[in-house]
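Student: Next one to model:
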Amino acid sequence: MTTTTTKKLSKGQLAYEQERAKKAGKSLDDWLKIKAKAEAAEARQAAPKPTKKPGLFSRLLDKAHKPL
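Tutor: As a prediction, the model looks like this:
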């Protein structure tokens, strides 16, 4: 029973995850891989998107509206 995750689980956590895997009809390794993928996808969605630089015309209009 080897887990491929880098996070070490305590005995209680391991037993809990085994029960969850059994309910889902998966092996423990498969269950932990699926769980890690879901967490990674959630983290990617929660990450802020980089701000986009204003376009050429927006910058020119901003310069045109500034006083000399």
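
Student: make it CA atoms for all contacts and neighbour counts henceforth
Tutor: OK.

Student: How far does the lowest-mean-pLDDT helix or strand in the chain sit from its chain's centre?
Tutor: In the chain, the helix or strand scored least confidently by mean pLDDT, DSSP states H and E is helix 28-46, which has a mean of 90. Computed by C-alpha atoms, centre = their mean, to the nearest Å, the chain-centroid distance of helix 28-46 equals 8 Å.

Student: any idea of the mean pLDDT for the helix or strand following it?
Tutor: Counting by DSSP states H and E, the element after helix 28-46 in chain order, helix or strand, is helix 56-65. Averaging pLDDT along helix 56-65 gives 92.

Student: May I have helix 56-65 exported as CSV, CA atoms only?
Tutor: C-alpha atoms of helix 56-65 as CSV (Å, rounded to 0.1, in the frame of the first residue of the first chain):
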residue,chain,number,x,y,z
LEU,A,56,-2.1,50.9,-28.4
PHE,A,57,-5.2,53.0,-28.9
SER,A,58,-6.0,53.1,-25.2
ARG,A,59,-2.5,54.3,-24.4
LEU,A,60,-2.6,57.0,-27.1
LEU,A,61,-6.0,58.2,-25.9
ASP,A,62,-4.7,58.3,-22.3
LYS,A,63,-1.7,60.4,-23.4
ALA,A,64,-3.9,62.7,-25.4
HIS,A,65,-6.1,63.4,-22.4
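
Student: Can you list the helices and strands that it packs against?
Tutor: Packing partners of helix 56-65 (3 or more C-alpha pairs under 8 Å, 6 or more residues apart in numbering; DSSP states H and E): none among the helices and strands.

Student: rewinding a little: helices or strands up against the least confident helix or strand of the chain?
Tutor: Applying 3+ C-alpha pairs under 8 Å, 6+ apart, we find helix 28-46 packed against helix 11-24.

Student: buried ones in the helix it packs on?
Tutor: 17-18, 20-21 (16 or more other C-alpha atoms under 10 Å).
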